[in-house]
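Novice: I would like the atomic coordinates for the input below:
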Amino acid sequence: MSDKIDEKELPFKSVLDQTDDVVIITEVEPLNEPFGPKILYVNNAFTTLTGYTQEEVLGKTPRILQGDKTDKNTLKRIRTALEKKEAIHVELLNYAKDQTEYWLDFTIIPIKDSKGRIQYFAAIEHDITERKKLEDAKAMLSALVEFSGEAIIGKNLEGIIQSWNKAARNLYGYTEKEAIDANIKMLFPKERQGELQDIMDKIVRDEHIKGFETVRMHKDGHIIPVSLTIAPIKNARGKIIGASTTARDITQQKINEEKLKHLAEHDVLTGLINRPLFEDRMVQALAIAKRTNCNMAVCFLDIDGFKNINDTYGHNIGDLVLCTAAKCMQKCIRDIDTLARFGGDEFALILSYLNEEKDVIKIVKKLIHLFSKGFLIENYKLKVTLSIGISLYPRDGMNDLLKKADAAMYYVKKHGKNNFIFFNAIDKD
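Specialist: Numbers count the residues shown, from 1 in each chain. Purely as a prediction, here's the structure:
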């Protein structure tokens, strides 16, 4: 048999040469490698796709188009069909002349003559390389999404969940079956329901939301701090059809932030608030006192003889004295009051919602009495007393109340210690 089909035997050759689908016609026999079946005809679409000229492939076997990644099982299926003289439809990876990989979706059919005898095999092939690349990309993306350490959720514009990965299951407690087709609102605590509309309003405006810190609700009801990144999902025409939400659990981050905030605002030794936070609380207390027309006192407290205790018994005992002093002070004040340690042996106190001066006197006398009993620390009976200076709002004005209380405290120190005095009484004493 000739390596080329006579044009008389292929009356539709001109049509085949113009079609976009690849057409290959081979002889029926032999099927044994490496000789056959030989290629008898290829159309122009074949030469365009593969880079081979007709002269280079005519008389050759189609195996010149196959390579290492060509699926061997699919080739066996093709051979079996050819042996049985049956049609077959497959997808197969082939190689162009320059060894570029391409994918084909093709059907091989037997061509019979007028007497029903099979003369040729014809393969009609469609290039699906781009589709395969897209499928591979989708598969890779799906794997990345599924095994991402962050919860990734896809939802439509009505908030109905369309996709739900493994990390979402771990974070929120819902299985994929429970989540798909449910409304995303199930993850929103009651007080955060309004966020959904705000988010979707931005999505339909083609806006992206990055690093939005909020809270969401687990299936069992507990609250989870999360950081969200939300982006629009668009279809092939560029129309926004939904939103993709990536959620990261920031529970530990929030715990660490709270620890750092606590360290920044509190005295490490006693656990009391420090001066910057005290001054902030004082501004708030003044605003409340002004609004409620109540008195407010600022007290400056100093432990008498603390330096001597430190020098005599050491810093460890000194630290225990400060901690014990802080606890004693807390026993004498109300929950609405604010106690702080400024450093060393200095403490400060805000007394709010006072009706008159005697309300302050009652509290500071209680403090002085408790300290006068001394402290028993590490089997040491230590004499400890307090000197307290007090400024009072509105009598002493709004400005420099802490400074005035400090001045009053030093006045007590200078005049015998173990006592208290109001700022307005300094000049009269």
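
Novice: can you give me the helices in the stretch 151-300 of the chain?
Specialist: 166-172, 176-179, 194-204, 251-265, 275-292 (DSSP state H, counting those that start in this stretch).

Novice: which parts of the longest one are buried?
Specialist: Of the residues in helix 275-292, 275, 277-278, 281-282, 285-286, 289 count as buried by neighbour count, 16 or more other C-beta atoms under 10 Å. Any C-beta I mention is one placed from the backbone N, CA and C, and that applies to glycine too.

Novice: what's the answer for the second one, then?
Specialist: Buried positions in helix 176-179, judged by neighbour count with 16+ other C-beta under 10 Å: residue 179.

Novice: now for the residue positioned nearest the centre of the chain: which residues touch it?
Specialist: In the chain, the centroid-proximal residue (C-alpha atoms, centre = their mean) is residue 248; its distance is 2.1 Å. Residue 248 is in contact with 150-151, 226-228, counting by C-beta atoms under 8 Å, 6 or more residues apart in numbering.

Novice: export the buried residues of helix 275-292 to CSV and tack on pLDDT and distance to residue 217?
Specialist: CSV is the format used below for the buried residues of helix 275-292 (pLDDT from 0 to 100; distance: C-beta to C-beta, whole Å):
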residue, pLDDT, distance to residue 217
275, 94, 39
277, 95, 31
278, 96, 36
281, 95, 32
282, 95, 37
285, 95, 35
286, 95, 39
289, 94, 39
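
Novice: farthest pair in those residues?
Specialist: 275 and 289 (20.2 Å; C-beta to C-beta).

Novice: what's the closest of the contacts of residue 248 to residue 24?
Specialist: Among the contacts of residue 248, and counting by C-beta to C-beta, the member closest to residue 24 is residue 150, at 48.3 Å.

Novice: going by the annotation, which residue ranges form each domain of this protein?
Specialist: Following the assignment in automatic domain parsing, the chain carries domains at 7-128, 147-253, 266-425.

Novice: pLDDT below threshold where in the protein?
Specialist: 1-15, 32-36, 139-148, 427-429 (pLDDT under 70).

Novice: out of the contacts of residue 248, which one sits closest to residue 256?
Specialist: For these, the nearest to residue 256 is residue 227 (13.7 Å; C-beta to C-beta).

Novice: might one say that the closest one is in contact with residue 211?
Specialist: Yes. In this structure, residue 227 is within contact of residue 211 by C-beta atoms under 8 Å, at 5.7 Å.

Novice: neighbour count: the two, which is higher?
Specialist: Higher neighbour count among residue 227 and residue 211: residue 227, with 17 against 9, using other C-beta atoms under 10 Å.

Novice: look up how far residue 193 lies from the more buried one.
Specialist: Using C-beta to C-beta, to the nearest Å, residue 227 is found at 20 Å from residue 193.

Novice: check residue 209 too.
Specialist: 17 Å.

Novice: then residue 160?
Specialist: Taken as C-beta to C-beta, the span from residue 160 to residue 193 is 16 Å.

Novice: I'm done for today, thanks for sticking with me.
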